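Peer 1: Need a 3D model of the sequence below.
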Amino acid sequence: MSLFSSTDLKSFAAANNEFAVAVYKELREREGNLIFSPYSIRAVLALAHAGARGRTARQMAEVLRLPENDTDLHRAFRSFEEALASRTSGDAIEIDVANALWRQTGFRLLEEFLDIMIAEFKSSLFEADFAGAPNKAGHAMNRWALEKTRGKIREIVSPESFDDLTKLVLANAIYFNGKWASPFHERATSPDSFHFTPGKSRPMQTVTVPLMWQKAKFGYAKFAGFEMLELSYVGNELSMVIFLPIRVDGWMDFEEKMSAQHLSQCIQTIRRNSVSVYLPRFQFESSFGLAETLKKMGMGDAFVPKLADFSGMTLEKLFGISAVLHKAMVEVDEAGTRAAAVTVVETRCLGISDVPEPVFRADHPFIFVIRDIPTDAILFMGRVLNPGARS
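Peer 2: Numbering: from 1, shown residues only. Take a look at the predicted model:
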């Protein structure tokens, strides 16, 4: 049984979604396709926040949109992950979240912090020799990521990033495999044109990609400037929502105006309708170093050892975060979706128009989210600019 009420979980999810959009707006200037898991980033930084104190903790809580009370915070993550685990349904829906810590052999972490990591965040604890055997440490972390993401994330850390100052690495992995409630048929997929503009004042380009098709009842809504489609997975507790601008270059304007509240309000207006859907198959990954992004968002102290206060984690002075690494992937095909992400912390809408049978033709760039329907939490968020590209 969940420790939080459904109302509490929805509030937790709403904060997660605000963080998701804030991160997206920082990452959107990157060229090409985009995929990340705001939940994975938030979860691993919540591990670090558990050991933060003073201004460092306040900055992290503000950026991550965390509950003020630590007890509520720990219960919220535990309850939400229990709720996600309950969505698993045989081989139709698989969702798994895992946390882990690697500490330098001999490096002392406070018992209270370790208790929270193990009891509240269900983290696995490993020993590593970052200075003496960096290759072995890196291999162990990458093997863990590979296992937890069912082979989808192959390398998240490089041993070259470790040295004798590296004392602790925190990691979160999330894996999702969902089959469409209404699958596409491969025989209906055919090569077709996908048009996109790579950026402002850039000429339009066209690539040929496999375009899937089906006509069935889906959640649909149309607004001034864009339309939306919700594709549910088996069990109807998880879904992919696609925001498709009307104009080929409309994705830039949509990103500019996007807010968590706006997305949520638009999703609430979705109604089931018979829709003819054209959607490209796509598969790509993204990787980021998030330290500068998080500093810009307002949690700068955590990255400056002289300013960082992690006295709830260790008695060591001059201890701070040196890197936050995130890697995510997504595959969408006729059967469903596979998505995975790993995050590592290294220390040192408008009116609806009812259309009898609309055509949703995603043959130009769109933004998408994979969400948990009961809580409305965004688990993955991304942009398809060129479905023929792998990044």
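Peer 1: so what are the domain limits for this structure?
Peer 2: Residue ranges for each domain of the chain read 6-179+284-347, 186-280+350-384, as given by automatic domain parsing.
Peer 1: Of these, which stretch is the most buried?
Peer 2: Greatest average neighbour count among the domains of the chain goes to domain 6-179+284-347 (a mean of 19), per mean count of other Cβ atoms under 10 Å. The C-beta positions use only the backbone N, C-alpha and C, and glycine is treated the same way.
Peer 1: Is my assumption valid that Leu125 occupies a position in a strand?
Peer 2: Yes - assignment of Leu125 by DSSP: H, G, I helix; E, B strand; the rest coil places it within a strand.
Peer 1: My read is that it contacts Arg103, right?
Peer 2: Yes - between Leu125 and Arg103 there is a contact at 7.2 Å, judged by Cβ atoms under 8 Å.
Peer 1: just to revisit the earlier point, could you say which one of the domains of the chain comes nearest to Ser391?
Peer 2: domain 6-179+284-347 (5.4 Å; Cβ to Cβ).
Peer 1: so where's the longest strand in the chain?
Peer 2: The single longest strand within the chain, with elements called by DSSP state E, is strand 205-223.
Peer 1: Between strand 205-223 and the helix or strand that it is followed by, find me the angle.
Peer 2: Later in the chain than strand 205-223, the nearest helix or strand by DSSP states H and E is strand 226-232. With axes from the mean of the first three to the mean of the last three Cα atoms, to 10 degrees defining the directions, strand 226-232 sits at 90 degrees from strand 205-223.
Peer 1: for strand 226-232, packing partners?
Peer 2: Packed against strand 226-232 by the contact rule (3 or more Cβ pairs under 8 Å, 6 or more residues apart in numbering; DSSP states H and E) you find strand 205-223, strand 238-245, helix 260-268, strand 271-280.
Peer 1: how near is Gly312 to Phe319?
Peer 2: For Gly312, the distance to Phe319 equals 11 Å [Cβ to Cβ, to the nearest Å].
Peer 1: what does Glu62 give?
Peer 2: The value you get for Glu62 to Phe319, if Cβ to Cβ is used, is 21 Å.
Peer 1: what do you get for Tyr175?
Peer 2: From Tyr175 over to Phe319 the distance is 31 Å, taken as Cβ to Cβ.
Peer 1: re the thing from before, let me have the domains of the chain in TSV, extended by distance to Arg390 and mean pLDDT.
Peer 2: Conversion of the domains of the chain to TSV gives the following (distance: least, Cβ to Cβ, whole Å; pLDDT from 0 to 100):
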stretch	distance to Arg390	mean pLDDT
domain 6-179+284-347	5	93
domain 186-280+350-384	12	92
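Peer 1: residues in contact with Leu279?
Peer 2: By Cβ atoms under 8 Å, 6 or more residues apart in numbering, the contact list for Leu279 reads 184, 211-213, 231, 242, 332, 360, 362.
Peer 1: let's go with 7 Å and repeat that
Peer 2: 212, 362 (Cβ atoms under 7 Å, 6 or more residues apart in numbering).
Peer 1: cool, and the one 5 residues further on?
Peer 2: Counting by Cβ under 7 Å, 6+ apart, Phe284 touches 33, 35, 330, 389-391.
Peer 1: Among these, which one lies nearest to Thr347?
Peer 2: Using Cβ to Cβ, the contacts of Phe284 come closest to Thr347 at Ile35, 26.1 Å.
Peer 1: Closest to Met381 out of the contacts of Phe284?
Peer 2: Within the contacts of Phe284, proximity to Met381 (Cβ to Cβ) peaks at Ile35, which comes in at 7.7 Å.
Peer 1: re earlier: helix 260-268 and the longest strand of the chain, what's the angle between them?
Peer 2: Here strand 205-223 runs at an angle of 70 degrees relative to helix 260-268 (the same axes, to 10 degrees).
Peer 1: pretty sure Val384 contacts Ile35?
Peer 2: No - using Cβ atoms under 7 Å, Val384 is not in contact with Ile35, being 9.0 Å away.
Peer 1: Run through the helices of the chain in chain order.
Peer 2: For the chain, helices defined by DSSP state H occupy the ranges 6-27, 38-49, 54-64, 70-85, 111-115, 134-148, 250-257, 260-268, 291-297.
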